[in-house]
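Peer 1: Sequence plus the predicted model coming up.
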Amino acid sequence: MASPALDAGLIRDCVAFRRAVHAEPELSGQEYRTRDRVAGELRSAGFELREFPGSAALSARWPGRDRSRAVAFRADLDALPMEETSGLPWAAKGGKAMHACGHDGHTAILLGMAKHLARAGKTYATDVLCLFQPAEEAGNGAKQMALAGALDNPKVEAVFGLHGWPELPFGSIGVHSGAVMASVDNFEIKVLGRGGHGAQPHLTRDPVFAAAQLVIAAQSLVSRNIDPLDTAVVTFAHIQAGRAYNVIPEECLLRGTVRTHTPAVRARLREGLETLATNLCRGLGLESDLRWVEGCPALRNDAAMAAVARRAAISAFGAAAVLEPRPSMAAEDFPFLLEKAPGAYLWLGLGDKQGGLHNPRFDFNDDAIEIGIRLFLGILEEMQKPA
């Protein structure tokens with residue numbers, strides 16, 4: 001069954017909403033104005049709304065015949081801390097934040113789906129939960145919603161999300177059978193030495209030299225310790241030490257990130273980096289202190305729910321439009337929702353008009369909003385069929 005035709009007025013409203021949100025972006029944890037805009041639209045449409053104390057999260061519930069069961073759909077609300085340079089009439093104001101990752105488009109899609117449900121007045125076997133989530137870019141918004149019971153009452157049987165993807169052709173849908181996006185963990189290593197005069201390195205224990213060795217040696221954690229058929233990245237992104245040309249400092253600070261697609265590789269890289277930092281520095285007569293900041297798990301689609309999404313996408317857009325792209329090493333906090341219910345995360349092809357995500361000229365392709373709404377509605381219809 002193909003997804004339903006959508007009212008042209010509804011799509012125009014969603015585009016206008018998306019551009020209004022784009023013009024007034026809010027950073028992670030601050031999305032109250034965006035949340036209130038969504039709530040205003042859905043309260044008048046007859047949805048049962050739930051807000052969460054101390055959070056900009058919102059759950060909008062469309063009642064079904066069995067109020068003890070639900071299918072959930074999620075959109076993220078937050079923007080990134082960067083200045084927009086697109087020059088568009090609806091460009092971000094203020095210069096401190098912008099929707100460079102398309103969350104304004106995701107929100108407009110889920111709002112459009114919800115408003116279509118209200119206009120159609122159709123009742124499904126289950127409740128429909130529309131989850132508007134803050135703080136995805138901070139990596140903790142989904143976890144907070146899950147801990148607050150957003151997927152517990154009614155019990156969510158499946159949860160679906162999507163992300164606009166500029167690298168995929170416009171109109172295509174990316175459906176992964178397993179790995180979608182990587183886990184992300186951050187680390188901070190202090191290399192602790194003994195400072196001194198730059199002309200007398202033999203009287204010091206140089207932390208900068210040791211840190212340079214560590215940056216190079218850490219690449220062997222992937223190239224010589226991880227199966228080449230697995231995927232992993234160890235990146236050092238920040239090095240800080242000293243203030244003078246001729247003073248060897250007491251310590252050197254390193255910061256970076258580790259990304260993988262499997263829990264086993266994730267655990268092995270953490271153990272390997274801790275061991276390497278300790279032993280390499282001690283071998284050079286220094287000490288190290290590693291702080292590990294655990295982030296999001298790897299995003300892996302449930303096989304059955306990915307099959308549901310694939311059938312819905314083929315029914316709505318044809319088999320040629322449904323792709324299975326390679327997974328990304330970027331991260332998402334959607335896995336915290338998948339810990340509560342099986343589900344799938346889809347990529348919505350935007351076409352590369354404004355370049356990739358997280359660039360200062362990015363703008364969500366408004367023509368993809370209708371496609372996203374139809375995809376979600378098709379998944380909802382597919383979920384009503386007997387297993």
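Peer 2: Looks like it came in fine.
Peer 1: Give me the secondary structure label for residue 129.
Peer 2: Here residue 129 is recorded as strand under DSSP: H, G, I helix; E, B strand; the rest coil.
Peer 1: I'd assumed residue 70 was in contact with it.
Peer 2: Yes: with contacts counted by C-beta atoms under 8 Å, residue 129 reaches residue 70, the gap being 4.8 Å. All C-beta atoms are positioned from the backbone trio N, CA, C, and that covers glycine.
Peer 1: neighbour count winner among the two?
Peer 2: With neighbours defined as other C-beta atoms under 10 Å, residue 129 and residue 70 compare such that residue 70 has more, 26 against 22.
Peer 1: Residue 387 versus the more buried one, what's the distance?
Peer 2: Counting by C-beta to C-beta, to the nearest Å, the gap from residue 70 to residue 387 is 16 Å.
Peer 1: cool, and residue 129?
Peer 2: Taken as C-beta to C-beta, the span from residue 129 to residue 387 is 20 Å.
Peer 1: just residue 172 next, same as before
Peer 2: Residue 172 is 28 Å from residue 387, by C-beta to C-beta.
Peer 1: Please say which of these two ends up with more neighbours.
Peer 2: residue 172 (21 against 5).
Peer 1: Ramachandran coordinates for that one?
Peer 2: phi -90, psi 160 (degrees, to the nearest 10).
Peer 1: doesn't residue 319 make contact with it?
Peer 2: No: in this structure, residue 172 is not within contact of residue 319 by C-beta under 8 Å, at 11.3 Å.
Peer 1: Am I right that residue 386 sits in a helix?
Peer 2: No: per three-state DSSP, residue 386 lies outside any helix segment and is coil.
Peer 1: Need the residues touching each of residue 129 and residue 70.
Peer 2: Common contacts of residue 129 and residue 70 (C-beta atoms under 8 Å, 6 or more residues apart in numbering): 61, 154, 156.
Peer 1: Which strands or helices does the stretch of helix or strand residue 369 belongs to pack on?
Peer 2: Per DSSP states H and E: residue 369 is located in helix 368-383. Helices and strands touching helix 368-383, by 3 or more C-beta pairs under 8 Å, 6 or more residues apart in numbering; DSSP states H and E, are helix 8-23, strand 66-76, helix 103-120, strand 155-165, helix 303-317, strand 343-349.
Peer 1: make it 6 Å
Peer 2: The contact analysis (3 or more C-beta pairs under 6 Å, 6 or more residues apart in numbering; DSSP states H and E) places helix 368-383 against helix 103-120, helix 303-317.
Peer 1: centroid residue for this protein?
Peer 2: residue 332 (2.6 Å; C-alpha atoms, centre = their mean).
Peer 1: and stretch 357-374, average pLDDT?
Peer 2: Taken as a whole, stretch 357-374 carries a mean pLDDT of 97.
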